[in-house]
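Enquirer: Please work out how this folds:
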Amino acid sequence: MSQLLNSLTTELRRGTLTLAVLSQLRTPQYGYSLVQLLEGSGIAIDQSTLYPLLRRLEKQELVSSSWDTSESRPRKYYVLSEYGLEIFLQLKKEWIANSKELYSLLKGEEEDELN
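Expert: The predicted structure follows:
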């Protein structure tokens with residue numbers, strides 16, 4: 001893959017990862033459980049990408065975190081805030097609308113290429 005294509009692919013994925021992470025935080029998750037959930041859905045995410053994203057979402061008050069120290073290994077859990085849920089639901093609606101529009105455009109392109 002060319003460097004330009006890599007760069008454009010990264011740019012395309014950035015927004016989708018935010019939406020994917022928010023979608024999985026309706027119930028509290030810690031970093032590794034979040035990685036597993038996302039990978040189970042076919043979305044690969046490095047921990048080096050995930051943790052800065054979680055910190056940013058927390059700073060934006062979309063996510064709150066708390067430590068669970070009941071196990072031998074303390075874990076930081078993240079969950080959507082009330083505001084985060086509101087934003088997630090609006091983003092989800094936007095994503096679905098945009099996806100339909102884009103799919104329609106790309107499908108038209110595909111048909112043109114076949115003729």
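Enquirer: where does the protein dip in pLDDT?
Expert: Counting by pLDDT under 70, the ranges of the chain that qualify are 1, 110-115.
Enquirer: Spell out the residue ranges of the strands in it.
Expert: Listed from the start of the chain, the chain has strands (DSSP state E) covering 29-30, 63-68, 75-80.
Enquirer: JSON lines please, covering those strands and showing mean neighbour count and distance to Leu91.
Expert: Yep, even glycine has a C-beta here, placed from its N, CA and C like the rest. Below are those laid out as JSON lines (neighbours: other C-beta atoms under 10 Å; distance: least, C-beta to C-beta, whole Å):
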{"stretch": "strand 29-30", "mean neighbour count": "19", "distance to Leu91": "18"}
{"stretch": "strand 63-68", "mean neighbour count": "14", "distance to Leu91": "13"}
{"stretch": "strand 75-80", "mean neighbour count": "18", "distance to Leu91": "12"}
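Enquirer: can you tell which of those strands is closest to Tyr51?
Expert: Shortest separation from Tyr51 across these is recorded for strand 75-80, at 9.5 Å, computed as C-beta to C-beta.
Enquirer: And the closest one, what does it pack against?
Expert: On a contact count with 3 or more C-beta pairs under 8 Å, 6 or more residues apart in numbering; DSSP states H and E, strand 75-80 meets strand 29-30, helix 31-40, helix 47-59, strand 63-68.
Enquirer: CSV for those, including distance to Lys100?
Expert: Output for those, formatted as CSV (distance: least, C-beta to C-beta, whole Å):
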stretch, distance to Lys100
strand 29-30, 29
helix 31-40, 23
helix 47-59, 26
strand 63-68, 28
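Enquirer: residues touching the closest residue to Ser23 other than its chain neighbours, list them.
Expert: Of all residues beyond its chain neighbours, the one nearest Ser23 is Phe88 (6.8 Å), with distances taken as C-beta to C-beta, 6 or more residues apart in numbering. By C-beta atoms under 8 Å, 6 or more residues apart in numbering, Phe88 lies in contact with Leu19, Leu22, Ser23, Leu62, Leu80.
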